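Student: Whatever this is, show me its structure:
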Amino acid sequence: MIGPRRTEFADRRMFQADSNSGNAILNLVAGTYTLSVDGLDDLTGPYALRLLELSSATNLALGVQQNSLLDPGNETDLYRFHANAGAVSSSMCPVR
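Tutor: I've put the predicted structure just below:
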């Protein structure tokens, strides 16, 4: 992906784009971007791109339970919380 600051990323495999095996969060500046997709043997197949505005994430209060349902199962909910450097946090995400 090329943008105002030149190459933001290159040679990223699709399975790494939104998981913990790759850096899914990009700090992009305003501007025009070009995303190129090149599949194996020049075949791309179906793909989708979604940009999320992280500043719209729901604020979580530490120590307060938050209940949410991802429906459909491929839905994404964004949350954020504030903590001091060195603070330790944990979360539980039960699967139903």
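Student: which SS class is D41?
Tutor: Here D41 is recorded as helix under DSSP: H, G, I helix; E, B strand; the rest coil.
Student: How much space separates it from M92?
Tutor: Distance, D41 to M92, by CB to CB, to the nearest Å: 43 Å. Backbone N, C-alpha and C define where each C-beta goes, glycine included.
Student: Give the closest residue to L52 in space, chain neighbours not counted.
Tutor: In space, and not counting its chain neighbours, L52 is closest to L78: 6.3 Å by CB to CB, 6 or more residues apart in numbering.
Student: L26 too?
Tutor: L26's closest residue in space is E8 (CB to CB, 6+ apart), at 6.0 Å.
Student: do the same with A57
Tutor: L78 (3.6 Å).
Student: neighbours around that neighbour, how many?
Tutor: 11 (other CB atoms under 10 Å).
Student: per-residue confidence at it?
Tutor: At L78, the model reports a pLDDT of 86.
Student: hang on, it packs against S56?
Tutor: Yes. At 6.6 Å, L78 counts as touching S56 under the criterion of CB atoms under 8 Å.
Student: coming back round to it: give me the distance between the residue nearest to L26 and M92.
Tutor: Look at E8 and M92: by CB to CB, they are 34 Å apart.
Student: ok, now S36?
Tutor: The spacing between S36 and M92, counted by CB to CB, is 40 Å.
Student: What of T7?
Tutor: Applying CB to CB, the value for T7 to M92 is 39 Å.
Student: Looking at the two, which one has more neighbours?
Tutor: The neighbour comparison of T7 against M92 (other CB under 10 Å) goes to T7, with 8 against 5.
Student: Any stretches of the protein with poor pLDDT?
Tutor: Applying pLDDT under 70 to the chain flags the ranges 13-24, 94-96.
Student: hmm, what's the outermost residue in it?
Tutor: Centroid-distance maximum for the chain: D41 at 27.6 Å, with CA atoms, centre = their mean.
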